[in-house]
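Trainee: sharing a model that was predicted from the sequence below.
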Amino acid sequence: MAAIGVVDSHMPLLSWRRAYGARDPDAIAAARDFAVEFLEHARRVLRAPLADRVFQDVQLVVSELVTNTAKYAPGPCAVSLALAPGGIDVTVCDSNPSVPRSAPQDPDRVGRHGLEIAAALSEYMFTWRHAAGKCVRARIALS
């Protein structure tokens, strides 16, 4: 018998998805705007206690992951955002099956820090392949 009033920690409270065309030059900014729209909706409608830090971290992680897609994937991408108990899940799927890897540490390297930034801001981050490419998911903690 199921308990009444218990929230399944695996079920999102709110979930949105948006797709972007292949090599769309506006996809990065549009995805950041989509993230803000999602977070404002969660804050306003669900009265989710989202700190300004969560807004900033989610936008930056979305930006870095979509930038990687724009650089390395030949086809379209999709961004999914989910408010789950304890965090925001950011998932970016694209048509490149290659698993992203951080570049080796080099104090003289300019650029190519996107995965390091996303990982540093995330509670966890992982990648999985699917028939059409791959998805990268990062969890931004609410607290």
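Mentor: Sure thing, it's come through. Residues are numbered from 1 along each chain as shown.

Trainee: gap between the longest helix belonging to the chain and the chain center?
Mentor: Determined from DSSP state H, the single longest helix within the chain is helix 52-72. Distance of helix 52-72 from its chain centroid, counting by CA atoms, centre = their mean, to the nearest Å, is 6 Å.

Trainee: ok and the helix or strand just after that helix relative to helix 52-72, angle-wise?
Mentor: Following helix 52-72 in sequence order, the next helix or strand is strand 77-84 (DSSP states H and E). Angular relation of strand 77-84 and helix 52-72 on a 0 to 180 degree scale: 160 degrees, by axes from the mean of the first three to the mean of the last three CA atoms, to 10 degrees.

Trainee: tell me which residues touch residue 64, please.
Mentor: Applying CB atoms under 8 Å, 6 or more residues apart in numbering to residue 64 gives the contacts 114, 115, 117, 118. In this view, the C-beta of every residue, glycine as well, is placed from N, C-alpha and C.

Trainee: for residue 77, same thing?
Mentor: Contacts here follow CB under 8 Å, 6+ apart; on that basis residue 77 touches 19, 20, 27, 66, 69, 70, 92, 93, 94, 95.

Trainee: against residue 54, how distant is the third one?
Mentor: I take that to be residue 27. 22 Å (CB to CB, to the nearest Å).

Trainee: same check on residue 35?
Mentor: In terms of CB to CB, residue 35 sits 10 Å off from residue 54.

Trainee: ok, these two, which is more surrounded?
Mentor: Each of residue 35 and residue 54 has its neighbours counted (other CB atoms under 10 Å); residue 35 has more, 24 against 20.

Trainee: part of a helix, is that one?
Mentor: Yes - assignment of residue 35 by DSSP: H, G, I helix; E, B strand; the rest coil places it within a helix.

Trainee: burial measure for the nearest residue to it once chain neighbours are set aside, as a count.
Mentor: Leaving aside its chain neighbours, residue 35 sits nearest to residue 62 (4.6 Å; criterion: CB to CB, 6 or more residues apart in numbering). Neighbour count for residue 62, taken as other CB under 10 Å: 27.

Trainee: per-residue confidence for residue 62?
Mentor: With respect to pLDDT, residue 62 has a value of 97.
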